[in-house]
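Peer 1: quick one: sequence plus predicted model below, questions after.
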Amino acid sequence: MSLKSDLDGSVKKIYREVWSRRDGQVIPEDSDVKLGNDGVDIDAAILYADMAGSTNLVDSYKAEFAAENYKAFLHCATKIIRAEGGEIRSYDGDRVMGVFIGGSKNTSAVRCALKIHYAVKSIIEPAKKNQYQKTTYNMKHVVGVDNSKVMAIRAGIRGSNDLAWIGKAANHAANHAAKLSNMSDSYPTWISDTVYNSMADEVKYSEGKNMWEARLWTDMNNRKIYRSTYWWKIS
């Protein structure tokens, strides 16, 4: 069979095959979703942690130094996501995606974002400066969090596939959480109005003061979003 014939048949099958969808009570693994038109629907908070300025880091410093910063950031972000009850579902270069479900998913995801800020500020930066005392590089990052219904599907081919996430918070075509992680690194944490309105006061206020500044997201039909420079200390 030629490659064109193979692709013709596969694409036609994708479009004509009836979808099987079900509500998920846990964050699905690869093995939970079939390769055909099979989907698992979950209500999730999606977090994207992105190391800002990584292109300049790679272009301006030795590869080993850039790699150490990548590894330090992704290691801390991954450990914090898991410690807050989230599951890692995607790595993309210098960015990691965490998925949170359950009644306190928004609070957990936001606390996770604030802890990642603390890790960069108070763990990674001091360690880097202690090792490389003459470096002028300062790590910057942004974490974006959104919440919506998402559908997990399995995309690719047999032997080479992965889960993809379809929905306002996680769809790679209109990815609000990921787009929030591309916002200005002057504010390390950006969250959607859906997350803000559902999270607990413990991640909303610090000593009675609101930690969040409201903004209108002009690129997304003036959706209301919030940004913060606060962090949550890790013990």
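Peer 2: Nice, thanks for sending it over.
Peer 1: tell me the secondary structure at D50.
Peer 2: Of the three states, D50 takes strand according to DSSP: H, G, I helix; E, B strand; the rest coil.
Peer 1: what's across from it in the sheet?
Peer 2: Note on D50: beta-bridge partners R95, V142, judged by DSSP bridges.
Peer 1: number the chain from 699, please
Peer 2: Noted, 699 is the first residue going forward, which turns the last one into D748.
Peer 1: who's in contact with it?
Peer 2: By C-beta atoms under 8 Å, 6 or more residues apart in numbering, the contact set of D748 is D792, R793, H839, V840, V841, G842, A876, S879, N880. Where C-beta positions appear, they are placed from N, C-alpha and C, glycine not excepted.
Peer 1: and which of those residues is nearest to R921?
Peer 2: Distance to R921, by C-beta to C-beta, is smallest for G842 among those, at 12.6 Å.
Peer 1: what sits closest to that closest one if chain neighbours are left out?
Peer 2: L878 (2.7 Å; C-beta to C-beta, 6 or more residues apart in numbering).
Peer 1: out of the contacts of D748, which is most surrounded?
Peer 2: V841 (30 neighbours; other C-beta atoms under 10 Å).
Peer 1: name the helix or strand for the closest residue in space to D917 that isn't next to it in sequence, please.
Peer 2: Of all residues not flanking D917 in the chain, K877 sits nearest, at 7.6 Å (C-beta to C-beta, 6+ apart). Using DSSP states H and E, K877 falls within helix 874-878.
Peer 1: show me what contacts the residue nearest to the spatial centre of the chain?
Peer 2: Note on the chain: the residue nearest the mean C-alpha position is Y746, at 1.7 Å, using C-alpha atoms, centre = their mean. Contacts of Y746 were listed using C-beta under 8 Å, 6+ apart, and they are R793, V794, M795, G796, V841, G842, V843, N873, A875, A876, L878, S879.
Peer 1: out of the contacts of D748, who's nearest R852?
Peer 2: Nearest member of those to R852, counting by C-beta to C-beta, is A876, at 19.9 Å.
Peer 1: got any ranges where this structure has weak pLDDT?
Peer 2: Along the chain, segments meeting pLDDT under 70 span 866-873.
Peer 1: where along it do the strands fall?
Peer 2: 718-721, 736-750, 785-790, 793-798, 838-855, 858-864, 887-890, 903-904, 907-908, 911-915, 921-926 (DSSP state E).
Peer 1: can you tell me how far the residue nearest to the centre of the chain is from G734?
Peer 2: Look at Y746 and G734: by C-beta to C-beta, to the nearest Å, they are 28 Å apart.
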